[in-house]
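> Dropping a prediction and its sequence here:
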Amino acid sequence: MARHIVKIDFEGREYSLETGRFAKFANSVMVSCGETMVLVTAVASEKENNEIDYLPLQVEYREKTASAGKFPGGFLKREGRPSEHEILCARLIDRPIRPMIPKTWHYETQIIATVFSSDPNVDADTLAAVGASSALMISDIPFVGPISEVKVGRIDGEFVANPSFEQLKNSDIDITVAGTDDSIVMVEGESKEISEEEFLSALSFAHSKIKILNKLQSDFANGVSKEKRAFVEKTPPEELVEIVSNAIYEDLVNYVHSVTTKKERHNMRLELYEKALASAQSHYESKEVEDEVMMPDSLEKDVEEILAKLEKKEMRKMILTEGKRLDGRGLTEIRPISCEVGLLPRTHGSSLFTRGETQSLSTVTLGTKDDEQMVDGLLPVYTQPFYLHYNFPPFCTGEVGRLGGINRREIGHGNLAERALKQMVPNQTEFPYTIRVVSDILESNGSSSMATVCAGSLALFDAGVPMKKPVAGIAMGLIKEENDVAILSDILGDEDFLGDMDFKVAGTADGITACQMDIKIQGLSMEIMKKALEQARQGRLYILSIMNSTISQPRDDISPYAPRFTNIKIPTDTIGAVIGTGGETIRSIIAQTGTSINIDDTGNVMIAATNAEDAEKAVKLIQALIRKPTAGEVYTATVVEVREGLGAIVEFLPKKQGLLHISEIAHERTNSVGSVLKVGDVLDLKLIEITRDGKFRFSRKALLPRPEKGVDTESKQVSAERQKNSYRKRNN
């Protein structure tokens, strides 16, 4: 393929798509904007996998540290497994791309986006999504594109497309939006309590920019001549559809209208499947005898697919015509909610949030600066004082599964809940703790990420974290057949699977703090979006009212098991003395006191301890380190060395030593230092002199009472004899 490139000016920067120069064995596109360059490849296997019944699409996003002129952090100086940021970026590519490829495409397909040059003013994630769409456009893979992706910020009331990292620091919106020319297909992001109207305005602004990038892709693809692979979507035989429908349709209608729990629906599906399969097998067995017609190899899969389609059709019909849902609720009705807090006594904060058949057990742990999450990527290393982890074990859906590493879904759902809550978490000036929230999903039937938001907010209140406001979340669904539309509040798992939209909205009573939306259909109007947002707001307010009835404000005090902070200020010129060579001194204090200590460049010392005694001990040790020796003061010193004929070396302050001369040990003569002092002895001494060269001289006898006259006659006689001898020597 010859080199082909198209360019436009996009938001003041050159935005280009190029192929034919890099990775020519793959369908590859190099996307460039500013000095950021992302190579995206799309490859599909030549052989179809008939053993699967899903779309085998794999999307990977990788950042080369060399792209930012950096070395990989850690011991191994080579990129390893993807970071959370890379996984989240891969999801931002996958989610809008996947609905655009036919579900019956059973050829292994892989999209890999690699950042080879990173400009700090141009984020690579949205470029990678545009590159993925472009690579599919010029490939032989069936793809209903293009789709484009932009990030929206708002600074001083003005929307900005693809803002830089620095601009985002001053933005009250950080939302990534993907779409076609006709509609928005994906939204993900966070905001600072914006209204529903402001949210819609951000989407409208994003869509106007998406259309520009879609045209760029179309112009790019028009310059590359490559035919799409011959592909016909497989559907079950009409004869089999009729057999299955005749066998189970009445039972299916009754089940859809009457069975309201997830487990009962699961059991009923199995019964209907077995009945439909038996009917189909009986039909083909009889046909084999009469007409020599062979039973299809894919009979079981076909029956399962037909049953799913019949169920979907009947469920959607019931919702649109009767306004009744699978569990018997109305369209706007929220499932029963219960909230509990403080149920785990040894944690710093805990809550149990149950909504219908979805349940999150969340905990909060308060820590020190040492517990902050360090993030090392293309940007300069930074730390996060607040983070949330989400766990989705297999038992929460009543299934058996392998317990391995954290999967992409867990990372994505945890990130969404973290974004929703962090807007209301106090900064470290107000609350100097590192905060970790963990949500363990114990039951799941729809929107466990939004249950995590609610449970996390309750647990933070229970932990005494001074949250600005409580936060709740709700998942909205959509059923659309031509002009008939039904918007569903608080959707079930089956309603998500069989519906047309999964729209999660989290926020406070005053605005939206996070959102995530995936659309499965084309042509979703802004009017429908507006109605869904208002319905979500009403649902959110209802959920908040129930949460507030359990706990309406943070507890007055933190857990007795959480660390307590003591702050002291030390002169900046003494910081080195407190830290010591290679951190030796500060580590010693931490080991002696069982505390955690952090010192900033201004001399602010923060001591974290679980009891006041340890904190006070640490304070005294630090104050002793920075205390300046003053002549005339009394110090408690420890003997570190005994020198006969000279005296003793004593340590009177940490890392400070002085001399207790033999003549200053006692009023009476000391013939042997070792007979009076031993290494390790602790005694009070008076600092009698600081010499010009900075040495310290101490006295013990200055603190001892003077002996009465006549008590030490022997010493006086010895002294008088010495004076006589000295006099004789001078005269001779």
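That came through, no problem. Numbers count the residues shown, from 1 in each chain.

> Any idea what F159 is bridged to?
With DSSP bridges as the criterion, the beta-bridge partners of F159 are R154.

> check contacts around it.
F159 makes contact with 152-153, 173, 201-202, 205, according to Cβ atoms under 8 Å, 6 or more residues apart in numbering. Where C-beta positions appear, they are placed from N, C-alpha and C, glycine not excepted.

> Export those residues as JSON lines, with columns for secondary structure and neighbour count.
Rendered in JSON lines, the data for the contacts of F159 read as follows (DSSP: H, G, I helix; E, B strand; the rest coil; neighbours: other Cβ atoms under 10 Å):
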{"residue": "V152", "secondary structure": "strand", "neighbour count": "24"}
{"residue": "G153", "secondary structure": "strand", "neighbour count": "23"}
{"residue": "I173", "secondary structure": "strand", "neighbour count": "24"}
{"residue": "S201", "secondary structure": "helix", "neighbour count": "17"}
{"residue": "A202", "secondary structure": "helix", "neighbour count": "22"}
{"residue": "F205", "secondary structure": "helix", "neighbour count": "20"}
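
> biggest separation within the residues you listed, which pair?
With distances taken as Cβ to Cβ, the most widely separated pair in these is G153 and S201, at 13.0 Å.

> if we can go back for a sec, can I get the contacts of F159 in JSON lines including distance to L625 and pLDDT?
Listed next are those as JSON lines, based on distance: Cβ to Cβ, whole Å; pLDDT from 0 to 100:
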{"residue": "V152", "distance to L625": "52", "pLDDT": "97"}
{"residue": "G153", "distance to L625": "47", "pLDDT": "96"}
{"residue": "I173", "distance to L625": "48", "pLDDT": "96"}
{"residue": "S201", "distance to L625": "57", "pLDDT": "95"}
{"residue": "A202", "distance to L625": "54", "pLDDT": "96"}
{"residue": "F205", "distance to L625": "57", "pLDDT": "96"}
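
> ok, so of the residues you listed, who is nearest Y561?
Compare each of the contacts of F159 with Y561 using Cβ to Cβ and the shortest gap goes to I173, at 38.3 Å.

> dump the residue contacts of the closest residue to H667 other than its chain neighbours.
In space, and not counting its chain neighbours, H667 is closest to K701: 5.1 Å by Cβ to Cβ, 6 or more residues apart in numbering. With contacts defined as Cβ under 8 Å, 6+ apart, the neighbours of K701 are 664-667.

> Next, count neighbours for R564.
Neighbour count for R564, taken as other Cβ atoms under 10 Å: 16.

> err, Y561, not the other one
Y561 has 12 neighbouring residues, counting by other Cβ under 10 Å.

> Could you do I599 as well?
Here the count is done by other Cβ under 10 Å, and I599 has 19 residues near it.

> Quick check on the residue nearest to H667: phi, psi?
Summarising the backbone geometry of K701 under the convention degrees, to the nearest 10, its torsions are phi -70, psi -20.

> Now that we have the contacts of K701, which of them are buried?
With burial judged by 16 or more other Cβ atoms under 10 Å, the buried subset of the contacts of K701 is 664-665, 667.

> what residues are up against the nearest residue to G401 once chain neighbours are set aside?
The shortest distance from G401 to any residue other than its chain neighbours is 3.0 Å, reached at P394 (Cβ to Cβ, 6+ apart). With Cβ under 8 Å, 6+ apart as the criterion, the residues that contact P394 are 400-403.

> and the helix or strand containing L416, what does it pack onto?
Under DSSP states H and E, the secondary-structure element containing L416 is helix 408-422. Counting contacts by 3 or more Cβ pairs under 8 Å, 6 or more residues apart in numbering; DSSP states H and E, helix 408-422 is packed against helix 84-97, strand 184-194, strand 386-391, strand 434-443, helix 448-462, strand 501-508, strand 511-519.
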